[in-house]
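Student: here's a sequence, model it:
(2 chains)
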Amino acid sequence: DTEVTQTPKHLVMGMTNKKSLKCEQHMGHRAMYWYKQKAKKPPELMFVYSYEKLSINESVPSRFSPECPNSSLLNLHLHALQPEDSALYLCASSQVASYTEAFFGQGTRLTVV
Amino acid sequence: RKEVEQDPGPFNVPEGATVAFNCTYSNSASQSFFWYRQDCRKEPKLLMSVYSSGNEDGRFTAQLNRASQYISLLIRDSKLSDSATYLCAVNSENQGGKLIFGQGTELSVKP
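Tutor: Predicted structure coming up:
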């Protein structure tokens, strides 16, 4: 069973809504990640947090806003999304942000209407 | 050229067959290599880390060839339950922890 927990599992939101995705891990990992995955495609990296600081932003549009309140939590705030943003959003964590294996949460399946 | 490339398949094999997947990477500074398994509409799950000396876990064997910049995954005695998409992933320290995935190889094991 995954030790990375994401909520909610499913989310339907309108283009004018504001919502947040949440991710939690209790493995003591100091790196956390957000990935986006479209059907039949591999996960695409969005953000990397290392020791609670944003270390990588893969040129993600500002309608996606990450937040790392503490070493166990990672949020992704969503605002004014487009239908093409519909995808599976995956959170992952690893011991540190290099070398080590990353473990994924079950994902949030997001539909923007 | 993509940083990490895989043959997307699908690979359709009978139960009991041996199947091998390759994955090439372009960044010679890559240092960590992994195979993940992803079932339909589920998250990727770590299958194996790939070490320079190669490693084996039951029916699964992973190998790394740094000179040719590829990693491989061998599945022996395929089971129906092995049907999934297999993703290779590469991590380079000089990219600050970016875990880059190949496009995945779809495996379908038939009775």
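
Student: tell me how many other residues crowd whatever residue of chain B ends up closest to chain A.
Tutor: Proximity to chain A, evaluated over chain B using Cβ to the nearest Cβ, is greatest for residue B:97 at 2.9 Å. C-beta coordinates here come from the backbone N, C-alpha and C atoms, glycine included. Applying other Cβ atoms under 10 Å in any protein chain shown, we find 23 residues neighbouring residue B:97.

Student: quick one: pLDDT of it?
Tutor: Listed pLDDT for residue B:97 reads 71.

Student: what does residue B:1 give?
Tutor: Note on residue B:1: pLDDT of 73.

Student: who are the contact partners of it?
Tutor: Going by Cβ atoms under 8 Å, 6 or more residues apart in numbering or on different chains, residue B:1 touches residue B:26.

Student: near chain A, which residues of chain B?
Tutor: Applying Cβ under 8 Å from any Cβ of the partner chain, we find that chain B lies next to chain A at B:31-32, B:34, B:41-46, B:49, B:87, B:89, B:91-93, B:96-104.

Student: give me the buried subset of those residues.
Tutor: Among these, those classed as buried by 16 or more other Cβ atoms under 10 Å in any protein chain shown are B:32, B:34, B:43-44, B:49, B:87, B:89, B:91-92, B:97-104.

Student: helix, strand or coil for the residue of chain B closest to chain A?
Tutor: coil (DSSP: H, G, I helix; E, B strand; the rest coil).

Student: and residue A:110, how many neighbours does it have?
Tutor: 21.

Student: how near is it to residue A:101?
Tutor: According to Cβ to Cβ, to the nearest Å, residue A:110 and residue A:101 sit 26 Å apart.

Student: one more: residue A:47?
Tutor: 19 Å.

Student: fine by me, we can end here.
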